[in-house]
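Q: build the 3D model from these lines:
(chains A and B)
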Amino acid sequence: GAVVSQHPSRVICKSGTSVKIECRSLDFQATTMFWYRQFPKKSLMLMATSNEGSKATYEQGVEKDKFLINHASLTLSTLTVTSAHPEDSSFYICSATSPGAGRVRFFGPGTRLTVL
Amino acid sequence: GESVGLHLPTLSVQEGDNSIINCAYSNSASDYFIWYKQESGKGPQFIIDIRSNMDKRQGQRVTVLLNKTVKHLSLQIAATQPGDSAVYFCAENSNTGNQFYFGTGTSLTVIP
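A: Just a heads-up that it's a prediction; the model follows:
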């Protein structure tokens, strides 16, 4: 149980385009999902907390207009990187907590974004 | 702010030996800790967790030890196998906040 999926697993795009990344909880409902960013050989950095049916809460220094988050249902949250630039290239990972599993956060497999 | 750091960025062990990965945390309010394993190009995988009302917790081939006095956490892997090669992160959380603070990670390499 508590499986989190992401799509796509890898995306390459041109500078200036927008990219949407999906995060799904496959076997549970997640009222809250979390989006992380990870640079090579670095730790995970929390970008925002995605709340179903309401606005996301962004961490300090994360541009909300740059990284649009939508949590339209209890099993789906999306992160859209708008007007992507090479410095947005990174590994984006979502996570969620599962009811009954306490505070454990289960992570998706990640999405590798490369902006040319 | 809170910080979680690891004493050793890399660790190499012989197959079959035991591994010990250490983690220091600074937030005395943290009451919940998780160890994650991350293989290259994949998302973190839950290994084991421990609450602050415990000093030790065991799983399959893994043991987590918590020393609240010195704010130290360790992950012990018994009979380390090549499949254990990965980066290991500790993460801390307090029940008053949503934020999980991750350590910088320790890269474990198992030598066959």
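Q: now do the contacts for whatever residue of chain B ends up closest to chain A.
A: Here the residue of chain B nearest chain A is B:G43; by C-beta to the nearest C-beta that distance is 3.9 Å. Placement of C-beta: from N, CA and C, glycine included. Residues counted as contacts of B:G43 (C-beta atoms under 8 Å, 6 or more residues apart in numbering or on different chains) are A:4, A:6, A:93, A:95, A:107-110.
Q: do the same with B:S52
A: B:S52 sits next to B:30-33, B:66, B:68 when contact means C-beta under 8 Å, 6+ apart.
Q: ok, A:V19 next?
A: Counting by C-beta under 8 Å, 6+ apart, A:V19 has contacts A:11, A:13, A:80-81, A:84, A:113.
Q: tell me the mean pLDDT over stretch B:59-74?
A: Mean pLDDT, stretch B:59-74: 96.
Q: let me redo that: stretch A:25-42
A: Stretch A:25-42 comes out at a mean pLDDT of 91.
Q: from the contacts of B:G43, which land in strands?
A: Of the positions in these, A:4, A:6, A:93, A:95, A:107 sit in strands, assigned by DSSP state E.
Q: wait, the second one touches A:I21, no?
A: Yes. Shown here, A:Q6 and A:I21 form a contact pair, counting by C-beta atoms under 8 Å, at 6.5 Å.
Q: give me the common contacts of the two.
A: In terms of C-beta under 8 Å, 6+ apart, A:Q6 and A:I21 are both contacted by the residues A:92, A:94, A:111.
Q: what's the local residue count around the first one?
A: Burial of A:Y92, expressed as a neighbour count using other C-beta atoms under 10 Å in any protein chain shown, amounts to 23.
Q: do the same with A:Q60
A: Neighbour tally, A:Q60, other C-beta under 10 Å: 5.
Q: so how far is chain B from it?
A: According to C-beta to the nearest C-beta, to the nearest Å, A:Q60 and chain B sit 10 Å apart.
Q: in what helix or strand does that residue lie?
A: In the assignment (DSSP states H and E), A:Q60 maps to no helix and no strand.
Q: try the one 10 residues further on
A: When secondary structure is defined using DSSP H and E, the element that contains A:N70 is strand A:67-73.
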